[in-house]
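J.: here is a sequence with its predicted model. Questions after.
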Amino acid sequence: MAAVYMSANRSENAFSTVDLVPEWAQEEVSTGTTIMAVEFDGGVVIGADSRTTTGAYIANRVTDKLTPIHDRIFCCRSGSAADTQAVADIVTYQLGFHSIELDEPPLVQTAANLFKQTCYRYREELMAGIIVAGWDKRRGGQVYTVPMGGMIVRQPVSVGGSGSSYIYGFMDSNYKPGMTKEECLHFCTQALALAMERDGSSGGVARLAAITEEGLERRVVLGNQLPKFSNA
Amino acid sequence: MSSIGTGYDLSASTFSPDGRVFQVEYAMKAVENSSTAIGIRCKDGVVFGVEKLILSKLYEQGSNKRIFNVDRHVGMAVAGLLADARSLSEVAREEASNFRSNYGHNIPLKYLSERVAMYVHAYTLYSAVRPFGCSFILGSYDQDDGPQLYMVDPSGISFGYWGCAIGKAKQAAKTEIEKLQMKDMTCRELVKEVAKIIYIVHDEVKDKAFELELSWVGEVTNGKHELVPKDIRVEAEKYAKSLNLKGIIRKYCTNQVCKALRDLPRKNHFLKALCVYGSNSGFLCATRLLAF
């Protein structure tokens, strides 16, 4: 019935291409998503799901949404895939240049501010919710969230993306300050699993990374290895 | 004294046959005509001292400042053409402000001094403009980097220092600064020493009255660059005046021999010879002279 109604409208527009191209190809590619980041003493743990959708079609089921901006600074991308990739490329360039001028590794705060500058200036054109997390010598592990609109705030733990709404309760009740790296990784895995279970735009594998002074440690938790919270 | 660069000194875009850019050297001479400014870095801050010559009794006290605030945590003391220095302080302020706006934190002093030095250097490349006729000392205190001190000169180079001096008595001031163990001193101790050095290098014969401008930035001011409070400055000046032997001799000795000795350059060999032949009162003064 809906189809009948639709075609009645479409016949008015002789040059419409809606019949030639399937609906999903008209949707923007979105990293519908669950992303999160947690600070601990000595670094940060970041995590994301791996699903990229165009409408109902999953364009990429093994996406890497954890993007390096510098040696010890990463960003978690949510929102439009194109927008976030473009902004991340811009910030990577600016930060690399700045780091060479300063002749020392950049601060996480600097990276986050660069994201904010771009996201705020182009707020009307962009759809990008980003979490910037990393380690620097001055203030250790830090997490900054730059949601849509271009705000910036530092938080000890932050979640983002469409799947985040389902795990605010879990985050508030299970996060404790002073966790170790392993505890943070476990916390992130559980949170991502819960979100991926409930949010249709999140799924696939859970990608995690721990960033410390020593370096980077990446992990993947495959779909069948994710923690189960129901018996079904 | 110096060679005249006939023909090769008309513009900054010309090298001389022996590889010098005379305009830049002349700019540095302009700095040497100005009164002295010194900056010293200690273990918890930076102190600036400027010998501000008072050319007229009509000047309002405290006007014509030679120490500027470039950012909350950065101060700048200048010597040379004041107008050039003021315009450069605006450049430095903009750099610091843009940095904070773009990157979200205080500008590191090394980066700021390099940026301003690059700007100064740009004016030494073209014939359409003249080089800046001023040197300046930048100082800052940051929680992460600690105290920092950098100096920029008209040629556009910048170096980091523990202590530096610019202006007419810079050699004498540098000698005094080298005697200090600044790495172990705190700002409060250093303020007195800076005042003392300015009083020592001040030439009472050529320049009469002067005002001492003191400023500091460090843990004692919580990282904010500001002029030293009046009571501390007065105390420092008292300390400085009490140690100024040259001043005492000038003021109290009327003996003819001492008057002659006073006007000789400090390290003159005749000094020791004349002392032996002075009269009683002259001998007393001579002992004081020998003391420094």
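T.: Sure thing, it's come through. Residues are numbered from 1 along each chain as shown, chains lettered A, B, ... in the order given.

J.: which bits of chain A sit near chain B?
T.: Residues of chain A found near chain B (Cβ under 8 Å from any Cβ of the partner chain) are A:98, A:101-103, A:107, A:109-110, A:112-114, A:116-117, A:138. To be clear about C-beta, it is placed using only N, CA and C from the backbone, and glycine gets the same treatment.

J.: and these, which of them are buried?
T.: Buried by 16 or more other Cβ atoms under 10 Å in any protein chain shown: A:98, A:102, A:107, A:109, A:110, A:112, A:113, A:114, A:116, A:117, out of the residues of chain A next to chain B.

J.: so how far is residue A:158 from the closest residue to the first one other than its chain neighbours?
T.: In space, and not counting its chain neighbours, residue A:98 is closest to residue A:106: 5.9 Å by Cβ to Cβ, 6 or more residues apart in numbering or on different chains. Separation of residue A:106 from residue A:158 (Cβ to Cβ, to the nearest Å) stands at 20 Å.

J.: how about residue A:64?
T.: Residue A:64 is 19 Å from residue A:158, by Cβ to Cβ.

J.: who has more neighbours, these two?
T.: Taking other Cβ atoms under 10 Å in any protein chain shown, residue A:64 and residue A:158 do not tie; residue A:158 has more neighbours (24 against 15).

J.: contacting residues for that one?
T.: Applying Cβ atoms under 8 Å, 6 or more residues apart in numbering or on different chains to residue A:158 gives the contacts A:36, A:37, A:131, A:143, A:145.

J.: secondary structure element for residue A:58, which one?
T.: Counting by DSSP states H and E, the element that carries residue A:58 is strand A:57-60.

J.: tell me the helix or strand right after that strand.
T.: strand A:66-70.

J.: that following strand pairs with which strands, parallel or anti?
T.: Sheet pairing of strand A:66-70 (DSSP bridges) gives strand A:73-80 (antiparallel).

J.: and the next element down the chain from the strand it pairs with?
T.: helix A:81-102.

J.: hang on, the earlier thing: just give me the closest of the residues of chain A next to chain B to residue B:177.
T.: residue A:103 (27.6 Å; Cβ to Cβ).

J.: residues in contact with the closest one?
T.: Contacts of residue A:103 (Cβ under 8 Å, 6+ apart): residue B:110.

J.: tell me which element the closest residue to residue B:144 other than its chain neighbours falls in.
T.: Of all residues not flanking residue B:144 in the chain, residue A:138 sits nearest, at 4.9 Å (Cβ to Cβ, 6+ apart). For residue A:138, there is no helix or strand it lies in under DSSP H and E.

J.: so how far is residue B:104 from residue A:138?
T.: 13 Å.

J.: now residue B:227
T.: In terms of Cβ to Cβ, residue B:227 sits 29 Å off from residue B:104.

J.: repeat for residue A:100
T.: Look at residue A:100 and residue B:104: by Cβ to Cβ, they are 19 Å apart.

J.: how about the residues of chain B by chain A?
T.: Checking chain B against chain A by Cβ under 8 Å from any Cβ, the hits are B:102, B:103, B:104, B:105, B:108, B:110, B:111, B:144.

J.: out of these, flag the one nearest to chain A.
T.: Of all the residues of chain B next to chain A, chain A sits closest to residue B:104, with 3.4 Å by Cβ to the nearest Cβ.

J.: quick one, what contacts the closest one?
T.: Contact analysis of residue B:104 by Cβ under 8 Å, 6+ apart lists A:109, A:110, A:112, A:113, A:116.

J.: could you dump stretch A:173-184 to PDB, C-alpha only?
T.: Output in PDB follows, covering the C-alpha atoms of stretch A:173-184 (Å, rounded to 0.1, in the frame of the first residue of the first chain):
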ATOM      1  CA  SER A 173      26.600   1.900  37.200                       C
ATOM      2  CA  ASN A 174      29.700  -0.100  36.200                       C
ATOM      3  CA  TYR A 175      32.400   2.600  35.800                       C
ATOM      4  CA  LYS A 176      34.700   3.000  38.800                       C
ATOM      5  CA  PRO A 177      37.600   5.400  38.800                       C
ATOM      6  CA  GLY A 178      41.000   3.800  39.300                       C
ATOM      7  CA  MET A 179      40.400   0.700  37.100                       C
ATOM      8  CA  THR A 180      43.400  -1.100  35.600                       C
ATOM      9  CA  LYS A 181      44.000  -1.600  31.900                       C
ATOM     10  CA  GLU A 182      42.500  -5.100  31.900                       C
ATOM     11  CA  GLU A 183      39.500  -4.000  33.900                       C
ATOM     12  CA  CYS A 184      38.900  -1.200  31.400                       C
END
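
J.: mean confidence for that stretch?
T.: Taken as a whole, stretch A:173-184 carries a mean pLDDT of 96.

J.: then stretch B:71-86?
T.: 96.

J.: ditto for stretch B:27-37
T.: The model assigns stretch B:27-37 a mean pLDDT of 95.

J.: got it, and stretch B:95-107?
T.: Averaged over stretch B:95-107, pLDDT sits at 93.

J.: for chain A, give me the ranges with low pLDDT.
T.: A:1-19, A:24-26, A:30-31 (pLDDT under 70).

J.: residue B:84: what's it in contact with?
T.: B:132, B:133, B:134.

J.: meant to ask about residue B:110, not that
T.: A:103, B:148, B:150, B:160.

J.: return the angle between stretch directions for the helix or strand containing it and helix A:81-102.
T.: Using DSSP H and E, residue B:110 sits within helix B:109-122. When axes from the mean of the first three to the mean of the last three Cα atoms, to 10 degrees is applied, the directions of helix B:109-122 and helix A:81-102 differ by 80 degrees.

J.: buried sites along helix B:109-122?
T.: For helix B:109-122, by 16+ other Cβ under 10 Å, it's B:109, B:110, B:111, B:112, B:113, B:114, B:115, B:116, B:117, B:119, B:120, B:121.

J.: spatially nearest residue to the fifth one, not counting backbone neighbours?
T.: Okay, so that is residue B:113. residue B:150 (3.8 Å).

J.: hang on, the one you found packs against residue B:157?
T.: No: contact criterion Cβ atoms under 8 Å: residue B:150 and residue B:157 do not qualify, at 10.4 Å.

J.: thank you, goodbye.
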